[in-house]
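Enquirer: okay, here's the prediction I keep looking at, along with the sequence it came from:
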Amino acid sequence: MTLRWTLLAAAALVAVGGTPVRADDSIKIAMAGPITGSTASFGEQMRHGAEQAVIDINAAGGVLGKKLELQLGDDACDPKQAVAVANQLARAGVGFVAGHFCSGSSIPASAVYNEEGILQISPGSTNPKLTEQGFKNVFRVCGRDDQQGTVAGTYLAHHYPNGRIAILNDKSAYGKGLADDTKRTLNQAGVTEAINESYNAGEKDFSALVSKLKQGQIEAVYVGGYYTEAGLLTRQMREQGLNARVIAGDALLTNEYWAITGAAGEGTMMTFGPDPRNKPEARAVTEEFRKAGYEPEGYTLYSYAAVQVYAEAVKRAGRTDLDQVIKELHSGSFETVMGTLGFDAKGDVTSPAYVFYQWHDGKFSEVVE
Amino acid sequence: MDYFLQQLINGVTLGAIYGLVAIGYTMVYGIIGMINFAHGEIYMIGAFIAVISFLAVGLLGITWVPLAVVLVLILTMLFTAVYGWTVERLAYRPLRGSVRLAPLISAIGMSIFLQNYVQLVQGARVKPLPPVMSDVIVLADQAGGFRVSVSALQLLILALTVALMIGFTQVIARTSLGRAQRACEQDMKMASLLGIDVDRTISLTFVMGAALAGVAGVMVTMYYGVVDFYIGFLAGIKAFTAAVLGGIGSLPGAMLGGLLIGLIEAFWSAYFSVEYKDVATFVILVLVLIFRPTGLLGRPDLEKV
């Protein structure tokens, strides 16, 4: 095992490049994510966000009189490479990592950071397991998959108190998880759904299910599943003349959903992280990015915020000592480009970071209440 | 009662689609006594060709729906027929006369090949088709009550399936090609001794089966509006089950089996749970096979001496 770790670390050293000389007037931090590979566009966003945050913080005098020094780690969204990168960063003496993006990378890397005493704040890993491992050093500035269910359940309970609700799932880990969380929240609010069913992924014919929903005079359908089946279901609902509202998770935020439903998808609602570009706190930074010819979309501002949170926690602690910084992270709230962030005991953000998006005329946008 | 009627319509349509795919399975089996595992894939290719043809027909400016549908059907059947002929030529003919399992395995290989080929050439993403025929006939609609509706497309699917079933039954029962097919089914060697071109007859059988799969592909594409490279597998399994339930080798049996499965699925979903509809379907399949091993309309297998 030791040999394997060493080999991985050596491999990472080759992958990431030479280690800079340790300088006492700087605080070493890192951004780790998929800089190459199939999800490289997200890695690009994270890199832009972290780099800009470091530039801005250093321009404002740095942290505790020292400059932040940013390193980059490329995990290519590959769990094995993520572990290698984590070891490499540890060897380079990094105290904080903004990363990773893919949950499958963040989770194995978090074990390394935990062992090495490095703080990890993930800008984009939403799998609940990341903060459920009991690691004190792991935080995230994005939401958790199971918070989507909470948000959807609350919405359903509030808008459909008569219980004319159907909760469907596709039996997958993602879909069933979402549906179960939604149902729990709904039931805790004192509303019981009328229909609770599951279907098979790959199913094409939902006519019998749609007739059943129609018979139950369902007004809202929560779909825990992916866009293909949800799209077919929505289309067949409208064909049979059932106009119930379709509500689902983030898996429907793709243009392929609209390609399947066509006009039938009008009004479909989905839970997803709020677009931080709309926050007043983000206005200045967003404009700065745009001036430089870069649109700070997706996870750019999430990464920016992760670096901001770390810098602020170090300032409050007065030192870079891990335990002190963690204590600060748990005890206060932080002003960031994403708004005010606070962290619970597990390291998740305290305000559920999910809002509703809605399909309208072939495009989806955040629902402004 | 209205609810029952609507679920009946749902079940019959679904059953007709299963039947349409199953007829192709059962016909090839009836002639050469072999399951053509690539049939589901030919159906999937038919669905892709249907999407492409609809786009082509649209580009040519043909907007009168019946003409467009007929053109697409002809184009798709032509292409799938060529695929069927090729599959037979590559995966079956070279292995004729070898161990019985060999062509079975090569057909499975062919099926995997076709699936991957489409995935690579067309991409793994879902291909949508906007609704082509969206006319709906409302049968019952009381105020505040349950609206029962049947779409023109559902009627077309049902009519087409019945017509194809009757048509191909007649072809097999009355034409000289049908006589040659039945002769090949009984004894290939004897048939060839009597001057029947066995290779040609089997090729034509595959071509007919593939054209049927093409029709099913067009109908399903129009009905559901989405196509991906994986639909052949599920449809193949369901249609194969329908063929076995009805009695493999019998065209009316395939239709009956398809209808039964469609109805079981619809009514189980309607009155029990959607979750267990496949369990219900296969329990009934097992029960039927225990009491009638050759399926509902199947004839007992004659021992060839």
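Expert: Sure, I can see it. The structure displayed is predicted, hence computed values, not measured ones. Numbering: from 1, shown residues only, chains lettered A, B, ... in the order given.
Enquirer: ok, A:Gly249 - contacts?
Expert: A:Asp145, A:Gln148, A:Gly149, A:Ala152, A:Tyr174, A:Gly175, A:Leu178, A:Gly224, A:Met270, A:Thr271 (CB atoms under 8 Å, 6 or more residues apart in numbering or on different chains). Bear in mind the C-beta positions are built from the backbone N, C-alpha and C, glycine included.
Enquirer: rerun at 10 Å
Expert: A:Gly249 sits next to A:145, A:148-149, A:151-152, A:174-175, A:177-179, A:181-182, A:222-226, A:230, A:270-272, A:354 when contact means CB atoms under 10 Å, 6 or more residues apart in numbering or on different chains.
Enquirer: how about it: what's its closest non-neighbour residue?
Expert: In space, and not counting its chain neighbours, A:Gly249 is closest to A:Leu178: 4.7 Å by CB to CB, 6 or more residues apart in numbering or on different chains.
Enquirer: show me what the residue of the stretch 51-200 of chain B found nearest chain A is bridged to.
Expert: Here the residue of the stretch 51-200 of chain B nearest chain A is B:Pro128; by CB to the nearest CB that distance is 4.3 Å. Under DSSP bridges, the beta-bridge partners of B:Pro128 are B:Val226.
Enquirer: and stretch B:108-116, average pLDDT?
Expert: For stretch B:108-116, mean pLDDT rounds to 91.
Enquirer: quick one on the thing from earlier: per-residue confidence for the residue nearest to A:Gly249?
Expert: 88.
Enquirer: which element, helix or strand, includes it?
Expert: A:Leu178 belongs to helix A:173-188 when assigned by DSSP states H and E.
Enquirer: from the chain's centre, how far out does the helix or strand harbouring A:Gln358 sit?
Expert: If you go by DSSP H and E, A:Gln358 is part of strand A:355-360. The chain centroid and the centroid of strand A:355-360 are separated by 17 Å under CA atoms, centre = their mean, to the nearest Å.
Enquirer: again, but for stretch A:126-137
Expert: Worked out by CA atoms, centre = their mean, stretch A:126-137 lies 13 Å from the chain centre.
Enquirer: burial of B:Leu101, as a residue count?
Expert: Other residues lying near B:Leu101 total 9 when counted by other CB atoms under 10 Å in any protein chain shown.
Enquirer: from B:Leu95, how far out is it?
Expert: 10 Å (CB to CB, to the nearest Å).
Enquirer: same question for A:Glu132.
Expert: 55 Å.
Enquirer: so where's the chain shaky on pLDDT?
Expert: Unless you meant another one, I'm taking chain A. Along chain A, the model assigns pLDDT under 70 to residues A:1-24, A:352-353, A:369.
Enquirer: that was the other one, I meant chain B.
Expert: For chain B (pLDDT under 70), the answer is B:142-145, B:300-305.
Enquirer: in it, which spans are strands?
Expert: B:127-128, B:136-140, B:148-151, B:226-227 (DSSP state E).
Enquirer: just the ones you listed: most buried one?
Expert: Stretch with highest mean neighbour count among the strands of chain B: strand B:226-227 (a mean of 24; mean count of other CB atoms under 10 Å in any protein chain shown).
Enquirer: and the contacts of it?
Expert: Residues contacting strand B:226-227 (CB under 10 Å, 6+ apart): A:204, A:228-229, A:231-232, A:235, A:256, A:259-261, B:44-52, B:118, B:122, B:126-129, B:217, B:220-221.
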